[in-house]
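[1] I need the structure of the sequence given here:
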Amino acid sequence: MSEKINVSEIVIDGTTYVPKSAASKELKGDEVIIRTYSAGVHIGIIESREGQEIVLNNARRLWKWAGAFTLNAVATCGVDRSNSRISTPVKKITLLDCIEIIPVSEGVDLSTTE
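    Numbering: from 1, shown residues only. Have a look, this model is predicted:
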């Protein structure tokens with residue numbers, strides 16, 4: 001007789017893995033920075049995620065940033081607003097080929113600079 005085991009996450013060699021459905025819900029509703037393979041960098045609120053396809057609400061494109069060396073620094077410390085360019089928001093955008101999702105830290109303001 002086989003037993004069914006329900007696991008919400010598993011750790012292998014120090015890396016935690018979660019089921020795909022759990023990963024999709026993990027950041028839903030959070031503001032994130034998304035880096036795509038060919039469509040650039042976007043900031044917005046995750047509506048949904050299916051594999052490498054992400055739908056963002058209140059999405060802004062990050063054209064240029066200053067005052068932060070990496071996107072990790074942008075997400076945790078923000079940008080030099082006078083030398084950065086963040087576009088006006090669109091209500092919704094679907095991004096394909098997403099290769100990085102970085103949660104924006106609480107209190108970091110990445111609103112429009114145009």
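[2] which residues sit in contact with the nearest residue to K64 once chain neighbours are set aside?
    In this structure, K64 finds its nearest non-sequential neighbour in R85, 4.4 Å apart by Cβ to Cβ, 6 or more residues apart in numbering. (C-beta placed from N, C-alpha, C; glycine too.) By Cβ atoms under 8 Å, 6 or more residues apart in numbering, the residues touching R85 are 62-65, 113-114.
[3] next one: H42
    Contacts of H42 by Cβ under 8 Å, 6+ apart are 33-34, 36, 56, 59-62, 93, 95.
[4] show me what it is bridged to.
    I34, R61 (DSSP bridges).
[5] against C98, how distant is the residue nearest to K64?
    Going from R85 to C98 by Cβ to Cβ, to the nearest Å gives 21 Å.
[6] show me where this structure has strands.
    With strands called from DSSP state E, the chain shows them at 10-12, 15-17, 31-36, 41-50, 53-64, 85-86, 90-95, 98-103.
[7] give the buried residues for stretch 41-61.
    In terms of neighbour count (16 or more other Cβ atoms under 10 Å), stretch 41-61 has its buried residues at 41-47, 49, 54-57, 59-61.
[8] identify, from the residues you listed, the entry nearest to G14.
    Relative to G14, the closest of these is R49; by Cβ to Cβ it sits at 24.4 Å.
[9] give the buried residues for stretch 89-101.
    Result for stretch 89-101 [16+ other Cβ under 10 Å]: buried residues 89, 93, 95, 98, 101.
[10] show me the shaky parts of the chain.
    The model of the chain has pLDDT under 70 over residues 1-8, 15-27.
[11] mind running it again at 80?
    Applying pLDDT under 80 to the chain picks out residues 1-29, 114.
[12] what does stretch 65-77 rub up against?
    Taking Cβ under 8 Å, 6+ apart as the rule, stretch 65-77 contacts 32-33, 35, 41, 62, 78-80, 82-85, 100, 102-105, 108, 110.
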